[in-house]
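Chemist: Everything below, folded, please.
(one chain, ligands or ions: 1)
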Amino acid sequence: MIEVGGDGRIWLLSGPTSSYALMLTERDELLHLHWGPRIALADAEALAVQPEPAASGFESPLDGREEYPVEGGPRFVRPALSVRTPEVRGTEWRFAQAVQDDGVLKLGFTDDVHGLRITLRYAMRGDVVERDVELVHEGEGPAVEILRADSAAWTLPERDAWRLTQLHGRWAAESRIEQVPLAYGEHVIGSRRGHTGHQYLPWVALDADGAGEEQGEVYSCALGWSGAWRIAVQKLPRGLVQLTGGTGHDDSGQVLLAPGRSWRTPVFAGLWSDGGFGGASRAWHAYQMEHVIPDADRVRPVLFNSWEATGFDISAPQQLELARRAAEMGVELFVVDDAWFGARVGDRAGLGDWAPNPDRFPGGLKPLADDVHALGMQFGIWVEPEMVNADSDLYRSHPDWVQHHPGRTRTEFRHQLVLNLAREDVQEYLWEQLHTLLSSAPIDYVKWDFNRCFTDAGWPGEAYPQKLWNEHVHAFYRLLDRLRATHPGVAFESCSGGGGRIDLGVLSRTDQVWTSDNTDPLDRLGIQHGFTHVHPARVMAAWVTDSPNVQLNGRVSSLRFRFVSAMAGVLGVGGDLAAWTRQELDEARSWVALYKEIRDTVQLGELHRLRAPRGGLSAVQYVRGDEVVVLAWLQAQRYGEPVARVRLHGIAADASYELLGTDEVHRGSVLLHHGLRTGLKGDFDAGVYRFRRVRP
Ligand code: GLA
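Modeler: Presented below is the predicted three-dimensional model:
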């Protein structure tokens with residue numbers, strides 16, 4: 001809902017529990033008024049006339065109060081918008097118009113010197129405020145160089161002190177929660193790498209009053225962009241806090257805007273919640289399920305992936321043998337990972353040549369895909385389209401198609417180079433290859449990988465600022481969109497060496513993400529704990545792999561612990577089933593069957609993190625209608641101490657809940673206040689507890 005007051009100069013956007021208000025002054029300054037609990041228009045109008053304390057001659061009266069601080073004029077904050085033409089730098093705007101269109105508020109400004117129209121867009125989706133900015137060169141003068149155009153600046157209310165929460169990581173250790181007091185100055189996170197990166201999910205949260213999992217105010221913001229990005233949190237000299245965020249880290253996002261051209265930033269979304277970090281997560285999940293993730297109401301199948309089982313050493317008969325075992329186990333989607341194409345028998349060759357390896361798949365992929373279908377499963381494959389090995393037919397034919405600088409070393413990581421997707425010939429090549437591939441066999445699923453960062457991001461012959469950084473992401477998005485439109489039955493997974501490309505942008509065009517290459521079930525609890533602060537279980541792929549753990553650390557864990565850990569998201573199996581005993585296969589089959597029973601609740605329900613994984617007992621709960629599922633893990637029981645009870649959340653105190661598989665009936669108030677005895681003991685124990693509300 002959008003309300004307008006103050007003689008058409010105050011706007012109030014409201015969701016179910018929150019409001020966002022802004023005002024335009026007589027000097028056309030666009031000032032922030034409110035972001036927090038739901039208020040009335042009269043409250044926003046009262047805020048608009050409150051006097052501000054006078055600023056000293058060394059401070060700007062605008063700093064920390066503007067909706068979108070531009071460079072130029074009386075401002076010293078980090079600008080959200082920085083532009084220049086050969087003679088004039090910065091922006092001075094005049095208000096042009098406010099337009100409301102289907103729940104979207106667009107505020108237009110013009111800068112006549114540059115001929116630039118600047119439109120700030122606001123939309124309330126539930127309690128999430130979506131913001132972005134469009135710049136149009138409407139003049140006839142010189143091209144405008146956009147040095148930086150953030151998607152939004154977010155202003156927090158005045159509080160004594162703020163705490164910053166972020167999700168940091170690295171390869172095989174993504175999305176781990178870190179909290180620090182916010183100091184004066186600027187705290188910057190982001191990626192200089194051309195993809196979202198393993199180092200941070202593009203999300204931050206701020207709380208001022210010690211918010212906990214289920215109580216307290218939390219402000220959080222998430223960016224929808226899968227290339228280089230930056231979020232900067234500033235604590236200004238007077239203690240005001242603002243956040244800016246958008247594409248590009250240093251100067252990699254620069255754009256040259258010729259007359260007649262436009263540039264639109266990605267969405268930077270913001271959420272206020274007073275339900276603590278848990279309440280904020282659930283609001284983020286609800287937003288993505290309703291507005292971001294395609295077909296979010298359809299649950300994801302249980303998949304098998306061959307990577308940890310067979311690596312680069314694959315063949316059609318061997319994959320079929322795995323597929324038979326997977327089918328017996330109840331797996332619904334069989335995915336052949338790397339090494340099915342070109343000369344890809346190791347990581348040194350073949351990337352770029354997306355035709356099946358004739359030695360390994362003499363009849364192409366179709367025979368195997370048909371066999372997999374005959375076993376009652378869907379068929380999927382792995383691709384890494386944006387990359388090329390130097391030892392490939394593609395690179396031999398088009399050495400100029402990779403990102404590089406003339407006369408400089410072409411840096412290789414994992415023996416591969418990055419294709420310059422900003423080139424139209426590269427875009428067309430990839431479309432042809434992938435479209436042909438998806439037409440050549442009944443393929444239901446594509447795991448789309450991206451296994452190295454940009455290093456030599458140059459495009460010889462193109463003038464600076466080169467559009468390579470931004471255009472790579474747009475071309476990737478367009479390619480995915482086109483493939484999805486042409487092959488509507490194919491689902492896509494975003495992978496980047498695990499969780500290197502997870503953000504609202506990629507999630508709006510993929511069906512799930514590969515959370516991490518780390519499949520150790522214990523490490524995964526921490527990674528998943530952080531991940532669910534932003535994204536829902538419905539997209540969080542998790543595999544059960546071998547014990548001792550092959551990929552990372554050799555840790556030994558029970559099949560039970562591995563399954564319950566992976567059942568917290570979209571369950572997959574990635575172990576070498578050829579080496580599993582009959583007993584293991586049988587046990588696995590019963591876990592898969594159990595997962596299918598709880599899957600709707602896990603993937604589509606509300607997620608409550610009951611206890612964080614900190615060494616002892618941790619637990620996550622999912623609620624959907626009358627169904628409640630609790631997954632609990634005991635890392636280690638120490639000193640013979642009794643294991644803590646797990647207190648449930650988000651259920652009805654005055655209802656009773658049947659614990660399925662037992663004859664126990666539990667009272668809601670007891671589960672909420674006293675908790676459930678899990679019966680877990682020792683090391684690496686885990687359990688699944690299914691409740692159903694008893695209807696009188
Ligand atoms: C990346 C992915 C893995 C696997 C390999 C294949 O590392 O994250 O899951 O697909 O590539 O080379």
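Chemist: Which strands or helices does the helix or strand hosting residue 476 pack on?
Modeler: Assigned by DSSP states H and E, residue 476 belongs to helix 468-486. Contacts defined by 3 or more C-beta pairs under 8 Å, 6 or more residues apart in numbering; DSSP states H and E place helix 468-486 against strand 241-247, helix 424-440, strand 491-494. Using the backbone N, CA and C atoms, a C-beta is placed for each residue, glycine as well.
Chemist: repeat that for 6 Å
Modeler: Helices and strands touching helix 468-486, by 3 or more C-beta pairs under 6 Å, 6 or more residues apart in numbering; DSSP states H and E, are helix 424-440.
Chemist: Tell me which strands the next helix or strand after the helix it packs on pairs with, and in which orientation.
Modeler: Counting by DSSP H and E, the element after helix 424-440 in chain order, helix or strand, is strand 445-448. Partners of strand 445-448 in the sheet, by DSSP bridges, are strand 378-383 (parallel), strand 491-494 (parallel).
Chemist: got a list of contacts for strand 445-448?
Modeler: Strand 445-448 has contacts (C-beta atoms under 6 Å, 6 or more residues apart in numbering) with 333, 380, 382, 383, 490, 491, 492, 493, 495.
Chemist: Next, count neighbours for residue 74.
Modeler: By the criterion of other C-beta atoms under 10 Å, residue 74 has 11 neighbours.
Chemist: With adjacent residues omitted, what lies nearest to it?
Modeler: Using C-beta to C-beta, 6 or more residues apart in numbering and skipping the chain neighbours, the partner closest in space to residue 74 is residue 60 (4.7 Å).
Chemist: OK, contacts around residue 141?
Modeler: So, once contact is read as C-beta under 6 Å, 6+ apart, residue 141 ends up touching residue 115.
Chemist: cool, residue 88 as well?
Modeler: Contacts of residue 88 by C-beta under 6 Å, 6+ apart are residue 113.
Chemist: swap in residue 613?
Modeler: Counted by C-beta under 6 Å, 6+ apart, residue 613 has contacts 525, 526, 529.
Chemist: so how far is residue 44 from residue 36?
Modeler: 11 Å (C-beta to C-beta, to the nearest Å).
Chemist: ok, back up a step: would you mind giving the strands paired with strand 445-448 as a markdown table with mean pLDDT, distance to the ligand and mean neighbour count added?
Modeler: Shown next, in a markdown table, are the strands paired with strand 445-448 (pLDDT from 0 to 100; distance: least, C-beta to the nearest ligand atom, whole Å; neighbours: other C-beta atoms under 10 Å):
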| stretch | mean pLDDT | distance to the ligand | mean neighbour count |
| --- | --- | --- | --- |
| strand 378-383 | 98 | 5 | 23 |
| strand 491-494 | 98 | 10 | 24 |
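Chemist: Export those strands as JSON lines, with columns for distance to residue 467.
Modeler: Shown next, in JSON lines, are the strands paired with strand 445-448 (distance: least, C-beta to C-beta, whole Å):
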{"stretch": "strand 378-383", "distance to residue 467": "25"}
{"stretch": "strand 491-494", "distance to residue 467": "23"}
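Chemist: Out of those, the one nearest residue 431 is which?
Modeler: When the strands paired with strand 445-448 are compared by C-beta to C-beta, strand 378-383 sits nearest residue 431, at 12.7 Å.
Chemist: got a list of contacts for the closest one?
Modeler: Strand 378-383 is touched from outside by 333-338, 369, 372, 443-448, with contacts defined as C-beta under 6 Å, 6+ apart.
Chemist: what's the neighbour count on residue 681?
Modeler: Neighbour tally, residue 681, other C-beta under 10 Å: 11.
Chemist: per-residue confidence at the closest residue to it other than its chain neighbours?
Modeler: Of all residues not flanking residue 681 in the chain, residue 637 sits nearest, at 5.7 Å (C-beta to C-beta, 6+ apart). If you check residue 637, the pLDDT there is 94.
Chemist: what does residue 695 give?
Modeler: 88.
Chemist: List phi and psi for it.
Modeler: Phi and psi for residue 695, reported as degrees, to the nearest 10, are phi -100, psi 130.
Chemist: can I assume residue 324 sits in a helix?
Modeler: Yes - under DSSP: H, G, I helix; E, B strand; the rest coil, residue 324 sits within a helix.
Chemist: buried ones in stretch 450-469?
Modeler: For stretch 450-469, burial by neighbour count (16 or more other C-beta atoms under 10 Å) applies to 450-455, 457-459, 465-469.
Chemist: Mind telling me the two of these farthest from one another?
Modeler: For the buried residues of stretch 450-469, the maximum inter-member distance is 27.0 Å, found between 451 and 465 (C-beta to C-beta).
Chemist: just the CA coordinates of stretch 667-682, formatted as PDB?
Modeler: This file holds the C-alpha atoms of stretch 667-682, laid out as PDB (Å, rounded to 0.1, in the frame of the first residue of the first chain):
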ATOM      1  CA  ARG A 667       0.900 -30.400  24.600                       C
ATOM      2  CA  GLY A 668       1.900 -27.300  22.600                       C
ATOM      3  CA  SER A 669       2.600 -25.300  25.700                       C
ATOM      4  CA  VAL A 670       4.900 -28.000  27.100                       C
ATOM      5  CA  LEU A 671       6.900 -28.200  23.800                       C
ATOM      6  CA  LEU A 672       7.100 -24.500  23.700                       C
ATOM      7  CA  HIS A 673       8.200 -23.800  27.200                       C
ATOM      8  CA  HIS A 674       9.900 -27.000  28.400                       C
ATOM      9  CA  GLY A 675      10.800 -28.700  25.200                       C
ATOM     10  CA  LEU A 676      11.200 -32.100  23.800                       C
ATOM     11  CA  ARG A 677      13.600 -34.800  25.000                       C
ATOM     12  CA  THR A 678      15.200 -36.000  21.900                       C
ATOM     13  CA  GLY A 679      16.800 -39.200  23.200                       C
ATOM     14  CA  LEU A 680      20.000 -38.300  21.400                       C
ATOM     15  CA  LYS A 681      23.200 -39.400  23.000                       C
ATOM     16  CA  GLY A 682      26.900 -39.800  22.500                       C
END
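Chemist: what sits against the residue of the stretch 1-150 of the chain found nearest the ligand?
Modeler: Proximity of the stretch 1-150 of the chain to the ligand (C-beta to the nearest ligand atom) peaks at residue 128, 29.4 Å away. Residues in contact with residue 128, defined by C-beta under 6 Å, 6+ apart, are 269, 271, 287.
Chemist: and for stretch 539-557, what are the contacting residues?
Modeler: Counting by C-beta under 6 Å, 6+ apart, residues outside stretch 539-557 touching it are 172, 308, 512-515, 518-521, 531, 562-563, 566, 569-570, 572-576, 684.
Chemist: Surely residue 257 and residue 137 touch.
Modeler: Yes - counting by C-beta atoms under 6 Å, residue 257 does reach residue 137; the two are 4.6 Å apart.
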